[in-house]
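>>> how would this look folded up:
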Amino acid sequence: MKPRHLAVAAILTAAAVATQAASVSVYGKLDTALHIQKDRGQSAQLTMMNEGSRFGFNIKEELTSDVTIKGYLENGFASDTGALSATGGGNVGATLFDRRSILAVSSKTYGELGFGRMGSVRSTISPYSLAMGWLDPMETAYGDIASISNMFGNDPRGNNTMTWVSPRWSGLKVGVTGSLATTDDEADQADKNNRLLSLGANYEIGGFGVYGGATKIWYGYDPDVTSTADAGKKYRRQDAEAYLLGTAWKATDNLKIFLAGQYQKNWRSVAGWNAEKDLFGKTEAADVSAADRNNGITGWSGLTGLQFWPTAQLRLIADVAYFDGDHKMADGSKVKAKRTTVNTAAEYKFSKTTQAYITLSRSWGRELLDTDAANTWISHIGLQHWF
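Coordinates of the predicted model:
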């Protein structure tokens, strides 16, 4: 064979091998803002804050024309300090891919099945979110009080998790997530684990979409637990439920409208009210018994908002979110709380990957949430770059 033919053969062979080999793409976001907060009765505070910076790897290998093996690895870090983030709770410095660590099999015919650490199909968390993430005008950004995940009970990222999502069938996409132990590795007994089952679905046609989901969390009990992330297992907790429904409508090329509602029962953290930490109106932590912490927070959340594009580069966002709920104490009495937030943002794109933004949020808390921290003004002035 002539040298020229050998060279052509070598190139074709290399191309064939490359076609079969796994591809790995690197991506990320750098997002840093000046954060200004004025709590009721307090002086304004100016800080520099990370706003969800991350980097990750998307891995893909096509086994056949229908089946692909995928990997999703994502790490969160603080862009203002370079430190690792802690999306899994007390895991700073111990978990590298804290935002996601997924091995998946994907089929154009049957959908995708993923295993590892991930968010649920009902949550705001990629890559499998089918519901809540699509109902947030802020698109899960500006998370102090502006993101939907603050005022609605959001599903946590979970370890030891499996998710299946379908292909899109004539506008409909469905999925299910189950976790054997969300906050740590599996314990020897199932009832020592925090377990999760979540269903999600959306239907999109044209510029209109309907999004919904339901979640059940079974809380584990293990008085001997030593993990910081699993500290809540030291006392018994009622299982939690949440039911979400909403719509998003691209009414015109320049206007998108959002409407969402959720009922949550025995949820552990919602609207800035944390059933693991707050004193439920009592003055001393010692006055809150394990029995007082048995129930979670029950109530409903609502949101309405819009996105508006005056120009191709400028987007204006506004929403109003409301929470009304209570917590049942051991003696049968109920502690109540309400909170309202009004959030605005302006984003200006310099390119497809870089934008500047400014936000302004106002929050009012009532009853148990009638605190200085819940009655606050918050603003961000920031710069974001995707790569």
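>>> And the strands in the stretch 251-387 of the chain?
Per DSSP state E, counting those that start in this stretch, the stretch 251-387 of the chain carries strands over the ranges 255-267, 269-270, 273-274, 297-308, 314-328, 334-349, 354-367, 376-386.
>>> Now stretch 198-205: buried residues?
198-203 (16 or more other C-beta atoms under 10 Å). Placement of C-beta: from N, CA and C, glycine included.
>>> quick revisit: of all the strands of the stretch 251-387 of the chain, which lies closest to F55?
Ranking the strands of the stretch 251-387 of the chain by proximity to F55 (C-beta to C-beta) places strand 376-386 first, at 10.7 Å.
>>> starting at the chain centroid, how far to that closest one?
18 Å (C-alpha atoms, centre = their mean, to the nearest Å).
>>> just checking, what packs against that strand?
strand 23-39, strand 354-367 (3 or more C-beta pairs under 8 Å, 6 or more residues apart in numbering; DSSP states H and E).
>>> Of these, which is nearest G111?
strand 23-39 (20.9 Å).
>>> Output the helix or strand just after the closest one as CSV, restricted to C-alpha atoms.
Scanning forward in sequence from strand 23-39 by DSSP states H and E, the next helix or strand is strand 45-50. What follows is strand 45-50, C-alpha atoms only, in CSV (Å, rounded to 0.1, in the frame of the first residue of the first chain):
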residue,chain,number,x,y,z
GLN,A,45,-24.4,45.6,55.6
LEU,A,46,-22.2,45.4,52.5
THR,A,47,-20.5,42.1,51.6
MET,A,48,-19.1,40.3,48.6
MET,A,49,-21.1,37.1,47.9
ASN,A,50,-20.8,34.1,45.6
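>>> what's the span of stretch 232-244, first residue to last?
25 Å (C-alpha to C-alpha, to the nearest Å).
>>> distance between that stretch and the chain's centre?
Chain-centre distance of stretch 232-244: 18 Å, with C-alpha atoms, centre = their mean.
>>> and that stretch, average pLDDT?
Here stretch 232-244 scores 95 as its mean pLDDT.
>>> ok, now stretch 197-208?
Stretch 197-208 comes out at a mean pLDDT of 97.
>>> send the alpha carbons of that stretch over as CSV?
Taking C-alpha atoms only, stretch 197-208 is exported to CSV below (Å, rounded to 0.1, in the frame of the first residue of the first chain):
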residue,chain,number,x,y,z
LEU,A,197,-39.9,9.5,46.4
SER,A,198,-40.7,12.2,44.0
LEU,A,199,-42.9,12.4,40.9
GLY,A,200,-42.8,15.1,38.3
ALA,A,201,-44.3,16.0,35.0
ASN,A,202,-44.7,18.8,32.5
TYR,A,203,-46.7,19.4,29.4
GLU,A,204,-45.4,22.0,26.9
ILE,A,205,-47.1,23.2,23.7
GLY,A,206,-46.1,26.3,21.9
GLY,A,207,-45.3,28.9,24.5
PHE,A,208,-47.5,27.4,27.2
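>>> so I69 makes contact with N58?
No. Applying C-beta atoms under 8 Å, one finds I69 not in contact with N58, separated by 11.9 Å.
>>> want to throw the strands of the stretch 251-387 of the chain into JSON lines with mean neighbour count?
Putting the strands of the stretch 251-387 of the chain into JSON lines (neighbours: other C-beta atoms under 10 Å) gives the following:
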{"stretch": "strand 255-267", "mean neighbour count": "21"}
{"stretch": "strand 269-270", "mean neighbour count": "22"}
{"stretch": "strand 273-274", "mean neighbour count": "18"}
{"stretch": "strand 297-308", "mean neighbour count": "20"}
{"stretch": "strand 314-328", "mean neighbour count": "20"}
{"stretch": "strand 334-349", "mean neighbour count": "20"}
{"stretch": "strand 354-367", "mean neighbour count": "18"}
{"stretch": "strand 376-386", "mean neighbour count": "18"}
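>>> Dump those strands to TSV, plus distance to M118.
Converted to TSV, the strands of the stretch 251-387 of the chain look like this (distance: least, C-beta to C-beta, whole Å):
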stretch	distance to M118
strand 255-267	20
strand 269-270	19
strand 273-274	23
strand 297-308	23
strand 314-328	25
strand 334-349	27
strand 354-367	27
strand 376-386	21
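>>> got those as JSON lines, with mean pLDDT columns?
Shown next, in JSON lines, are the strands of the stretch 251-387 of the chain (pLDDT from 0 to 100):
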{"stretch": "strand 255-267", "mean pLDDT": "98"}
{"stretch": "strand 269-270", "mean pLDDT": "96"}
{"stretch": "strand 273-274", "mean pLDDT": "94"}
{"stretch": "strand 297-308", "mean pLDDT": "98"}
{"stretch": "strand 314-328", "mean pLDDT": "98"}
{"stretch": "strand 334-349", "mean pLDDT": "98"}
{"stretch": "strand 354-367", "mean pLDDT": "98"}
{"stretch": "strand 376-386", "mean pLDDT": "97"}
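>>> closest one to A290 among those strands?
Comparing the strands of the stretch 251-387 of the chain against A290 with C-beta to C-beta, the closest turns out to be strand 314-328 (14.2 Å).
>>> Can you list the strands that that closest one pairs with?
Partners of strand 314-328 in the sheet, by DSSP bridges, are strand 297-308 (antiparallel), strand 334-349 (antiparallel).
>>> Take the ones you listed and write them to a markdown table, including distance to R168.
Compiled in a markdown table, these are given as follows (distance: least, C-beta to C-beta, whole Å):
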| stretch | distance to R168 |
| --- | --- |
| strand 297-308 | 23 |
| strand 334-349 | 28 |
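>>> between those, which gets nearest to G153?
When these are compared by C-beta to C-beta, strand 297-308 sits nearest G153, at 7.3 Å.
>>> Please enumerate the strands of the stretch 51-200 of the chain.
With strands called from DSSP E, counting those that start in this stretch, the stretch 51-200 of the chain shows them at 54-62, 67-76, 100-107, 111-118, 158-165, 172-179, 195-205.
>>> Please produce a markdown table containing these, extended by distance to L303.
Shown next, in a markdown table, are these (distance: least, C-beta to C-beta, whole Å):
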| stretch | distance to L303 |
| --- | --- |
| strand 54-62 | 25 |
| strand 67-76 | 25 |
| strand 100-107 | 25 |
| strand 111-118 | 24 |
| strand 158-165 | 24 |
| strand 172-179 | 22 |
| strand 195-205 | 16 |
